[in-house]
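# I need the structure of the sequence given here:
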Amino acid sequence: MKVRLYEIFTSIEGEGILYGTKTLFVRLAGCPFKCFYCDTKEALPMTSGKEYQIDEAKKLIEQNLVKNTYKVNFTGGDPLVQSEAVSELAKFVQQKKIPTYLESSCFDSAKFAQVLPYFDFIKIEFKTIDSEFVDEVHYSKLLENELQCLKLAADSGKVTFIKIVVSSKTQPEQFKHLIKNIFDIISKTKIAGFIIQPTYGIAEPDLKQLLDFYDIVHLYYEEVRIVPQLHKFIGAP
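Model prediction:
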């Protein structure tokens, strides 16, 4: 088995409920989609990065682990593109008693189910229709997969949280519809957090928009948080 990695590095987690933690990032190459605000476009092509044998990749992870690493974050690209290889690498990290963290767009619930046993922290990212992740024709299918991934993660008992990136293009009514869909299938007691993340450097939402999005989620989940990308502000990768 082989895996294509774009990069491996240690930095500060800048997103989600575990922001601020010392993290080893394993960035997988390849993602068949492209949000207009994507900040890792260079890792999207499947030809990016470098291909390794699985054992070589395990050694690379081991060599890059440093003292007091809180978790290993598998990101991309999108890790689900290489689900079999990601399962092997995450299992390897778990055997070292280090928590694993999955950062994915959750576009494929079957691949998600395959990797789920090997992750301790799960971020379910719901894409808004304005993200341009997919076109409007295919958006309902994407949402169906994301909702199924959320249910799988929550039912597994893993620490699961939700993240939604919003921009100045995000429409309140569409956002309301998305939030209703989420909480129609999941109990608020089964998630560990709900993060609204504003875009950075492109189509940034203003304060009024962010407060409106906050209030929409708050109707269902009172512990909602608006958290920008911390690493951008401290100059971390």
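
# residue ranges of the helices in the chain, please?
Along the chain, counting by DSSP state H, helices occupy 54-64, 83-94, 109-115, 136-156, 172-185, 207-218, 230-234.

# Of these, give the one that comes closest to residue 101.
Taking Cβ to Cβ, helix 83-94 is the member of these nearest to residue 101, at 9.2 Å. For the C-beta atoms, the positions are set from N, CA and C on the backbone; glycine is no exception.

# Identify the residues contacting the closest one?
1-3, 26, 28, 54, 57-58, 61, 72, 74, 79-80, 100, 102, 108, 111-112, 114-115, 117-120 (Cβ atoms under 8 Å, 6 or more residues apart in numbering).

# What angle do helix 54-64 and it make with each other?
Helix 83-94 and helix 54-64 meet at an angle of 40 degrees, taking axes from the mean of the first three to the mean of the last three Cα atoms, to 10 degrees as the criterion.

# Run the chain-centre distance for helix 83-94.
Its chain's C-alpha centre and that of helix 83-94 lie 16 Å apart, by Cα atoms, centre = their mean, to the nearest Å.

# again, but for stretch 203-217
Taking Cα atoms, centre = their mean, one finds the center of stretch 203-217 at 20 Å from the center of the full chain.

# Can you give me the buried ones in that stretch?
205, 209-210, 212-213, 216-217 (16 or more other Cβ atoms under 10 Å).

# ok, back up a step: so which of the helices of the chain comes closest to residue 46?
When those are compared by Cβ to Cβ, helix 83-94 sits nearest residue 46, at 12.6 Å.

# ok so, going back, looking at the buried residues of stretch 203-217, which is nearest residue 20?
The closest of the buried residues of stretch 203-217, once distances to residue 20 are taken by Cβ to Cβ, is residue 210, at 20.5 Å.
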